[in-house]
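> After the sequence you'll find the predicted model.
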Amino acid sequence: MYKVITHHITEEHFDHPEAVNLKLAHDHNQKMGDFYIYGYTGPLSKLEKASIGAWMRLIGRIRAIIVSLDNKTADTQALLTQLSADVTDLGNVMRPYFSDADITKFQTLLTTVATDLIATIRDIQASTDATADQATLTTDVGALTEFLAAASPLWDKDAVTKILTSLAAYLQTQARARLVQDWASDLSAANAYYDVVSVQGHQGEPGLADVFTAGIINQAMQ
């Protein structure tokens with residue numbers, strides 16, 4: 001005779017950013033199959049892996065900053081410093097196919113957008129009016145998407161604006177949810193932005209990493 005041992009995972013909420021990120025990464029991996037890129041479904045290429053990894057790190061870092069600010073922990077500045085390195089990594093994904101000037105411009109604009117987003121999150125957590133910072137974020141998202149649209153025809157301004165706006169909204173939702181200790185909404189919004197970055201294509205629209213990769217491939221073929 002023998003026994004069959006099965007394991008059931010019970011979800012719990014942990015405040016530490018790394019604990020939450022482990023949970024999100026697990027959920028994300030359960031959803032990932034083939035990668036969708038403008039009608040093509042196939043195994044992940046090296047470029048696609050680099051793109052999705054870089055975007056995931058950037059968005060995940062902002063998530064960690066939200067948690068750090070909420071808990072008033074001492075790692076906020078270290079996370080902000082690492083955020084800058086994450087932006088550099090995204091520029092490096094582009095590097096073989098775009099000029100140094102274009103990459104620097106992209107990194108500058110993306111850093112500005114991330115900084116604006118964090119400003120709105122600070123407003124939410126302080127329960128202050130975020131109208132001005134939100135307007136600045138909207139303007140700077142527009143500048144980033146205009147640059148991308150000019151750099152590659154596959155970086156459609158409206159499509160990228162929609163994706164970035166959705167990402168910002170999900171991250172802001174997390175800040176609001178944590179403010180009232182609504183952990184279920186917090187985690188649901190966190191899972192949602194992973195979908196927007198990576199697997200939204202399976203729902204009929206390309207995700208952010210999908211669009212980013214397509215634009216690089218188009219440039220490489222010129």
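Sure, I can see it.

> quick one: low-confidence ranges for the protein?
Judged by pLDDT under 70, the chain has its weakly predicted residues at 1-44, 199-205, 222.

> Point to the residue nearest the middle of it.
Centroid check for the chain by C-alpha atoms, centre = their mean gives Ile59 as the closest residue, at 3.1 Å.

> Could you pull up the residues touching it?
167, 171, 193-194, 197 (C-beta atoms under 8 Å, 6 or more residues apart in numbering). (Glycine included, C-beta is placed from N, CA and C.)

> now Leu167
Contacts of Leu167 by C-beta under 8 Å, 6+ apart are 59, 193, 196-197, 208.

> burial measure for Asp140, as a count.
Residues lying near Asp140 (other C-beta atoms under 10 Å) number 20.

> next one: Ala54
21.

> Repeat that for Ile62.
With other C-beta under 10 Å as criterion, Ile62 counts 21.

> Excluding chain neighbours, what is closest to it?
Leu171 (5.8 Å; C-beta to C-beta, 6 or more residues apart in numbering).

> helix or strand right after the one helix or strand that neighbour maps to?
Per DSSP states H and E, Leu171 falls inside helix 157-179. Heading C-terminal from helix 157-179, the first helix or strand you meet, by DSSP H and E, is helix 183-194.

> angle of that following helix against helix 157-179?
160 degrees (axes from the mean of the first three to the mean of the last three C-alpha atoms, to 10 degrees).

> Helix 183-194: how far from the chain's middle?
On the basis of C-alpha atoms, centre = their mean, to the nearest Å, helix 183-194 is displaced by 13 Å from the centre of the chain it belongs to.

> got the CA positions of it in PDB?
Taking C-alpha atoms only, helix 183-194 is exported to PDB below (Å, rounded to 0.1, in the frame of the first residue of the first chain):
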ATOM      1  CA  TRP A 183      -5.800  43.200  -0.600                       C
ATOM      2  CA  ALA A 184      -8.100  41.300  -3.000                       C
ATOM      3  CA  SER A 185      -8.400  44.400  -5.300                       C
ATOM      4  CA  ASP A 186      -4.700  45.100  -4.900                       C
ATOM      5  CA  LEU A 187      -3.700  41.700  -6.100                       C
ATOM      6  CA  SER A 188      -6.300  41.600  -8.800                       C
ATOM      7  CA  ALA A 189      -5.000  44.900 -10.300                       C
ATOM      8  CA  ALA A 190      -1.400  43.600 -10.000                       C
ATOM      9  CA  ASN A 191      -2.400  40.500 -12.000                       C
ATOM     10  CA  ALA A 192      -4.200  42.600 -14.600                       C
ATOM     11  CA  TYR A 193      -1.100  44.700 -15.400                       C
ATOM     12  CA  TYR A 194       0.900  41.500 -16.100                       C
END
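
> Other residues contacting the helix or strand following that helix?
Going down the chain from helix 183-194, the next helix or strand is helix 208-220, by DSSP H and E. Here helix 208-220 makes contact (C-beta under 8 Å, 6+ apart) with 35-38, 47-48, 51-52, 55-56, 93-94, 96-98, 148, 151-156, 159-160, 163-164, 167, 196-198, 200-201, 206.

> I'd like the contacts of Ile59 written out as a markdown table, with distance to Phe212 added.
Shown next, in a markdown table, are the contacts of Ile59 (distance: C-beta to C-beta, whole Å):
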| residue | distance to Phe212 |
| --- | --- |
| Leu167 | 13 |
| Leu171 | 18 |
| Tyr193 | 15 |
| Tyr194 | 15 |
| Val197 | 9 |
